[in-house]
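*Asks:* Provided below are the primary sequence and the corresponding predicted coordinates.
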Amino acid sequence: MSDPRLWLVGLAALPMVVVAASLVVDVERLRRLAVVSAATMLLAGVTMAASPRLHQLSIRTSLLTWNPGGEAVLRINDLSSVLLPFAAGLWLLTVAVTPRSALDRGGLRRTAFATLLTLGSFLTESALVLLLLSVGSVWTFVSALSDEAHRTQRRIAVAYLGGSTALFGIGVALLVGPGVESTRLESAGLWLIVIAALMRKGIVPFHAWVPEVFEHGRLGPTILFNAPQVGAYITVVLIVPRASPQMLRVIALLALGTAVYGAALALVQTSARRACGYLFVSQSALVMAGLDCTSAGALAGGLLVWLSAGLAFGGLARAILVLEARRGRLDLATYHGGYERVSVLAITFLATGLACTGFPGTLGFVGQELLVNGAVEAFPVMGFAIVIASALTGLAVMRMYFSLFCGRADAYALRDLRLGLTPREAWTFVALVAVLIGFGLAPRPLVDSRFAASDEILTARHALTGR
Amino acid sequence: MSGVPVAWLVLVGVGAPALLFAVLGGASLVNRQLPERWMGALAAAAMATSCLALVIALIVHGMAQTSPRRLAYGEWSTTHDGGITIEFLVDRLSLAFAALSAAVAGIVSAFSNRYLHRESGYHRYFTLLAMFVTGILLVALAGNVEVLFVGWELVGLSSALLVGFFHDRAAAVANAFRVLSVYRISDAAMLSAAVLLRHTAGTDSLSLFFSGGDAASLIGLNSNAPTAIAILLVIAVAGKSALLPFSGWLPRAMEGPTPSSAVYYGSLSIHAGCFLLLRSAPLLDQSVAARVLAGALGAATAVFAGITTRVQSDVKSSLAYAALTQVGLIVVEIAIGWYTLAFIHLVGHACFRLFQFLSAPNVLHDLHGIEDAMGTRPSRANGLIERLGSEDLRRALFLAALERGFLDSFLERVVVTPFISVAGRLTRIDRWLCAAVIPRGRLEAATGDRGRDE
């Protein structure tokens, strides 16, 4: 049991079992199977992350690159070990709380397949494998928008994400292809990959698709596609180790601006979904800003915010989805009330929202502390953008909270109508909040692990660029 | 010698309300509520324990005549540059304010237990009160910027949520959001000050500013850094203590239940900013600009609130502005450098105003009692301000006071409207950016999700 390869096979088998079962099992059983598989995957992922023996694996090959040293096509290290339970947790959140009416057989299959692709992405540093998995993940997301009602959003997603993937493909070809010795080609390839990552992560000026798809697309697949932030992984593995300081500076400044932009626009939206989209843009940019500051503290902060923002944002957006299943589309221009009838959901929304803002006592706090200090060190003026973004995000979240859960006694005349959460939904949300607060109060294991990961990244950067 | 018991006493003092908050918050999360009787007893026990521990700590520390002590309780997280430590800075000032806070919280807790009997939000109220007490104790005892910021944020959030306590009323919720908006400005200023401190001084310890008391302790900073940090602190204080131009949120905060108004806006929260300024005295001494700014804001606030309080038509708003007058004066005293007087003023005013707020619901009853005893209505003396100036000036002042200085409309016009306008335009540009990539060139904005939404 100490062979990490066996554990990886087991991890990958779980979503594959769900994909296979979706062909034969009825929806209710399939859903139960998906919940059990995701929970098992989460436990296995936590075990792997906690056990140093289980996250030291690297299978290298030179078949997929012209680089003389080859690259790790499959590896588990300090960076990826924590991302495994992270991906599993997001899958569990998806299958456990998404309303029954909104998750059919095809949807369950897609969530399992998307998780498998995310898992695969987090386990490789091969540019080509990342490209193939990226194509798969974009295809899975776009296929979720295949019905006529979402034709417009499908086109937008195809335009932006297809463009991003195409640029990524050309960039990878230049980066690891036959012309790998040429500095100019490498630089051009890197710039293309940077633009691809910015598009995928919704950084200004490539962000417009995110709020649109959140508002008018399908919220469930959109959350599952965005929350793991595979674009951040591409940045860490392909860009940060190779990029010049100027390139990282440009990315970090764009990201800092985007963090403020997204939070400011989230504050004034009248659609809860669109506000959610802008919140994601802001959170995603915060991660990107940390990853591109190149100081160990900011990098570790970025890696920590990646986890906290992913989980917290995933929970917040899922809470909106669950509320929509009970009340229909949510308009932030009015008060919806009814706190007493959905108090657990309201508290979950508040707690996850506050975790997004880096509120003390949540996992987001320590990450944002590291991030702010690192960013100010790198950019003495622009670094304060994180402070402004945090303040605006806090306001946006509280505005949403007040609008969605307060302001009137009850939204419905029928007091007997059951609106409360099902036990599965309630316990999943409670567990999520417990994780966010638990790691907020005792963050040391996670902080240590993220510092170890940031050291790995900076070592790789030093080896490749000498900086 | 006194270090060990003081460290334990402080830990118990802060830990008791924190534990209460954890228990009540955890129960809320799993949708369980403790019976009122239990909760009242728990809250009373926690507040009494906290108060007792902090009073003993103050006595022990005071008798030992020791200099300020840093109490470190281990690292919260480790980082390459030292990590975040849980650290308190204990001296007579911090322990006295902490003990006062715990005592006030205990009184309000006992009062609230009866006042909110059978109120549907009883459990929520005590959860938020415990959160607030934890926060204010952390602010009082903070030894580094992280602990200070944690306390500052807990006070702010609990305050806003208690303003919106009657959350089935739209006005209460709208006012809670207004209050929170100002608090976020204050939080941003506080966090910026903290980051700047760490960036310029290379430390997050507040002992540099809170207990230095001389210029030597600030030598490590360049000449502009203390001024920048001090000005940011003054802005943070102005937001939290409702100084001009942020005073507009104060009457809005009266939407909350009376006991919470008493503890926040009569007694503790509104003085938290003054306390922070007092703690930062060594820093203020280094920055003339920050002292002038604080003094000007304090004086202007005192005059504004002194006039405005006279025309309020409800007792809580009137009391709130009366409290603000004194807060302005305390800030002026601090700016001048009369620190001891300021602290005595702060303690006395906090206790007096707490009593006034808590007896506010009873004011008509008390007035009737006085009338019955006197056999006539008590005469209302015309004050100095009512006799000052011409009729036109008095009328103008009356109108300005009635509109609470036009502060809300001013901020609405200068900040909110332009912000919404710019954000609206940017949203339209974003929609256009999406429309531009669609072959037909227009976005079907109305296309909703009509199918399944997994």
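*Replies:* Received it, and whenever you're ready, just let me know what you need.
*Asks:* lowest-pLDDT helix or strand in the chain?
*Replies:* All of this is about chain A. strand A:57-61 (a mean of 80; mean pLDDT, DSSP states H and E).
*Asks:* think we crossed wires, I meant chain B
*Replies:* Least confident helix or strand of chain B, by mean pLDDT, DSSP H and E, is helix B:207-210 with a mean of 64.
*Asks:* hmm, the very next helix or strand once past that helix touching chain A?
*Replies:* Using DSSP states H and E, the helix or strand that follows helix B:207-210 towards the C-terminus is helix B:224-240. No - Helix B:224-240 lies out of reach of chain A by Cβ under 8 Å from any Cβ of the partner chain, never closer than 10.3 Å. The C-beta positions use only the backbone N, C-alpha and C, and glycine is treated the same way.
*Asks:* and the very next helix or strand once past helix B:224-240 with chain A, contact?
*Replies:* Using DSSP H and E, the helix or strand that follows helix B:224-240 in sequence is helix B:249-252. No - using Cβ under 8 Å from any Cβ, helix B:249-252 stays clear of chain A, with a minimum separation of 13.5 Å.
*Asks:* so for stretch A:142-160, what gets flagged as buried?
*Replies:* Going by neighbour count (16 or more other Cβ atoms under 10 Å in any protein chain shown), the buried part of stretch A:142-160 is A:142, A:144-145, A:149-150, A:152-160.
*Asks:* of those residues, which pair is most distant in space?
*Replies:* Using Cβ to Cβ, the buried residues of stretch A:142-160 reach their maximum pairwise distance at A:A149 and A:Y160, which is 19.5 Å.
*Asks:* which other helices and strands contact the least confident helix or strand of chain A?
*Replies:* helix A:4-21, strand A:71-76 (3 or more Cβ pairs under 8 Å, 6 or more residues apart in numbering or on different chains; DSSP states H and E).
*Asks:* which strands border it, and is each parallel or antiparallel?
*Replies:* Its sheet considered, strand A:57-61 pairs with strand A:71-76 (antiparallel) by DSSP bridges.
*Asks:* run a quick neighbour tally on the residue in the stretch 1-150 of chain A that chain B sits nearest to.
*Replies:* The stretch 1-150 of chain A approaches chain B most closely through A:G107 (3.1 Å), counting by Cβ to the nearest Cβ. Neighbourhood size, A:G107 [other Cβ atoms under 10 Å in any protein chain shown]: 25.
*Asks:* just the CA coordinates for the helix or strand containing A:L198, please, in CSV.
*Replies:* For A:L198, the host element (DSSP H and E) is helix A:183-201. Once non-C-alpha atoms are left out, helix A:183-201 reads as follows in CSV (Å, rounded to 0.1, in the frame of the first residue of the first chain):
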residue,chain,number,x,y,z
THR,A,183,15.3,31.6,-27.2
ARG,A,184,13.0,33.7,-29.4
LEU,A,185,10.7,30.8,-30.2
GLU,A,186,10.6,29.8,-26.5
SER,A,187,9.7,33.4,-25.6
ALA,A,188,7.0,33.6,-28.2
GLY,A,189,5.6,30.2,-27.1
LEU,A,190,5.6,31.4,-23.5
TRP,A,191,3.7,34.5,-24.4
LEU,A,192,1.1,32.5,-26.2
ILE,A,193,0.7,30.2,-23.2
VAL,A,194,0.4,33.2,-21.0
ILE,A,195,-2.4,34.6,-23.1
ALA,A,196,-4.0,31.2,-23.1
ALA,A,197,-3.8,31.0,-19.3
LEU,A,198,-5.2,34.6,-18.9
MET,A,199,-8.1,33.7,-21.1
ARG,A,200,-8.8,30.5,-19.3
LYS,A,201,-8.7,32.2,-15.9
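*Asks:* low pLDDT regions in the stretch 151-300 of chain B?
*Replies:* Scanning the stretch 151-300 of chain B for pLDDT under 70 picks out B:203-223.
*Asks:* show me which residues of it sit near chain A.
*Replies:* Applying Cβ under 8 Å from any Cβ, one finds that the stretch 151-300 of chain B approaches chain A through B:153-154, B:157, B:160, B:164, B:167-170, B:173-174, B:176-177, B:180-181, B:184-185, B:187-188, B:191-192, B:195-196, B:198-199.
*Asks:* tell me the contacts of A:D331?
*Replies:* Contact partners of A:D331, counting by Cβ atoms under 8 Å, 6 or more residues apart in numbering or on different chains, are A:T270, A:S271, A:A272.
*Asks:* output these in CSV; the columns should cover distance to chain B.
*Replies:* Shown next, in CSV, are the contacts of A:D331 (distance: Cβ to the nearest Cβ, whole Å):
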residue, distance to chain B
A:T270, 10
A:S271, 10
A:A272, 13
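*Asks:* can you flag the buried ones in those residues?
*Replies:* Among the contacts of A:D331, those classed as buried by 16+ other Cβ under 10 Å are A:S271, A:A272.
*Asks:* which of the contacts of A:D331 fall in helices?
*Replies:* Counting by DSSP state H, the contacts of A:D331 place A:A272 in helices.
*Asks:* would you format the contacts of A:D331 as TSV with pLDDT included?
*Replies:* Shown next, in TSV, are these (pLDDT from 0 to 100):
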residue	pLDDT
A:T270	94
A:S271	94
A:A272	94
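*Asks:* which of the contacts of A:D331 lies closest to B:L138?
*Replies:* A:A272 (33.3 Å).
*Asks:* quick one: neighbours of the residue in the stretch 201-350 of chain A that chain B sits nearest to, just the number.
*Replies:* Across the stretch 201-350 of chain A, the shortest distance to chain B (Cβ to the nearest Cβ) belongs to A:A208, at 3.6 Å. A:A208 sits with 23 neighbouring residues when counted by other Cβ under 10 Å.
*Asks:* tilt between the longest helix seen in chain B and helix B:224-240?
*Replies:* Longest helix of chain B, by residue count under DSSP H: helix B:170-201. Here helix B:170-201 runs at an angle of 170 degrees relative to helix B:224-240 (axes from the mean of the first three to the mean of the last three Cα atoms, to 10 degrees).
*Asks:* helix B:170-201 - contacts with which helices or strands?
*Replies:* Applying 3+ Cβ pairs under 8 Å, 6+ apart, we find helix B:170-201 packed against helix A:363-378, helix A:385-405, helix B:145-163, helix B:207-210, helix B:224-240, helix B:249-252.
*Asks:* so the one helix or strand the residue of the stretch 1-150 of chain A closest to chain B maps to versus strand A:71-76, what angle?
*Replies:* Per DSSP H and E, A:G107 falls inside helix A:105-121. Interaxial angle, helix A:105-121 versus strand A:71-76 (the same axes, to 10 degrees): 110 degrees.
*Asks:* only the buried residues of helix A:105-121, if you could.
*Replies:* For helix A:105-121, by 16+ other Cβ under 10 Å, it's A:105, A:107-121.
*Asks:* tell me the spacing between the spatially most central residue of chain B and B:L244.
*Replies:* With distances taken as Cα atoms, centre = their mean, B:S269 lies nearest the centre of chain B, 3.5 Å away. Separation of B:S269 from B:L244 (Cβ to Cβ, to the nearest Å): 18 Å.
*Asks:* just the buried residues from the residues of the stretch 151-300 of chain B next to chain A, in PyMOL please.
*Replies:* Command for PyMOL that selects the buried part of those, burial taken from 16+ other Cβ under 10 Å:
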select buried, chain B and resi 153+154+157+160+164+167+168+169+173+174+176+177+180+181+184+185+187+188+191+192+195+196+198+199
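*Asks:* before we move on, back to that, what sits against the residue nearest to the centre of chain B?
*Replies:* For B:S269, the contacting residues are B:F132, B:I136, B:V155, B:S159, B:K240, B:V263, by Cβ under 8 Å, 6+ apart.
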